[in-house]
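**Student:** Predicted coordinates and the sequence they were generated for:
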Amino acid sequence: MEVEVKFRVDFNSIREKIESLGATFIREEMQEDVYLSVPLPELLRVRKISNLNRSFLTYKRIADPGRNEEFDEIEVEVSDFEKTLQILKRLGFKEDVWVRKRRLVYRLGDVTFELNDVEGLGAFLDIEVIADDVEEAKRKIWEVAKRIGLSKDDVEPRLYQELIRSAGRV
């Protein structure tokens, strides 16, 4: 199970705090995500990471709709972003929302930090743990979140596609 909490943050100050924890910088990603129209609690996405020349097809089922912290995820790497999107469209899926972001990935033990600058929305930090024990994963997330000064007031429970729709960017 992928367990993650999304926070609204100031990009540069939270980056410094993550680095001050001793987290290891893994990589920078320039992502373009196309979400396809499927009914919640399911998500279907094709992602292109242009600076790494990689693409992925991802299916997620939200285990806790409304909070959006627990996801059952299946992801495969695909060789061609455009052709994958074309196949899905021919199968009847419609493009819903495009999300473009710059992501910095850090790791501290089994905790992953994904610091995102999302086009048109601002900065967000996803703190993620992959685990079978959801409660233990959330404990780890909140332990490290508090160490970098984040609280429940900073949580953004909405999905990126919901944020883009509410900002009128569809």
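**Tutor:** Done, it's in.
**Student:** so where's this structure shaky on pLDDT?
**Tutor:** 169-170 (pLDDT under 70).
**Student:** Leaving out sequence neighbours, find the closest residue to the most centrally placed residue in it.
**Tutor:** In the chain, the centroid-proximal residue (Cα atoms, centre = their mean) is Asp126; its distance is 6.2 Å. For Asp126, ignoring the flanking residues on the chain, the nearest one in space by Cβ to Cβ, 6 or more residues apart in numbering is Glu114 at 4.2 Å. Every residue, glycine included, has its C-beta placed from N, CA and C.
**Student:** can you give me the end-to-end distance of stretch 127-134?
**Tutor:** Counting by Cα to Cα, to the nearest Å, you get 14 Å between the two ends of stretch 127-134.
**Student:** Go through that stretch and flag the buried ones.
**Tutor:** For stretch 127-134, a neighbour-count test (16 or more other Cβ atoms under 10 Å) marks Ile127, Glu128, Val129, Val134 as buried.
**Student:** Switch those residues over to CSV; also include distance to Val155 and secondary structure.
**Tutor:** Shown next, in CSV, are the buried residues of stretch 127-134 (distance: Cβ to Cβ, whole Å; DSSP: H, G, I helix; E, B strand; the rest coil):
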residue, distance to Val155, secondary structure
Ile127, 10, strand
Glu128, 14, strand
Val129, 16, strand
Val134, 16, helix
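**Student:** could these go into TSV alongside distance to Arg147?
**Tutor:** Formatted as TSV, the buried residues of stretch 127-134 follow (distance: Cβ to Cβ, whole Å):
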residue	distance to Arg147
Ile127	11
Glu128	16
Val129	15
Val134	21
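**Student:** picking that back up, got a list of what the residue nearest to Asp126 touches?
**Tutor:** Applying Cβ atoms under 8 Å, 6 or more residues apart in numbering, one finds that Glu114 lies in contact with Arg103, Leu104, Val105, Leu125, Asp126, Ile127, Glu128.
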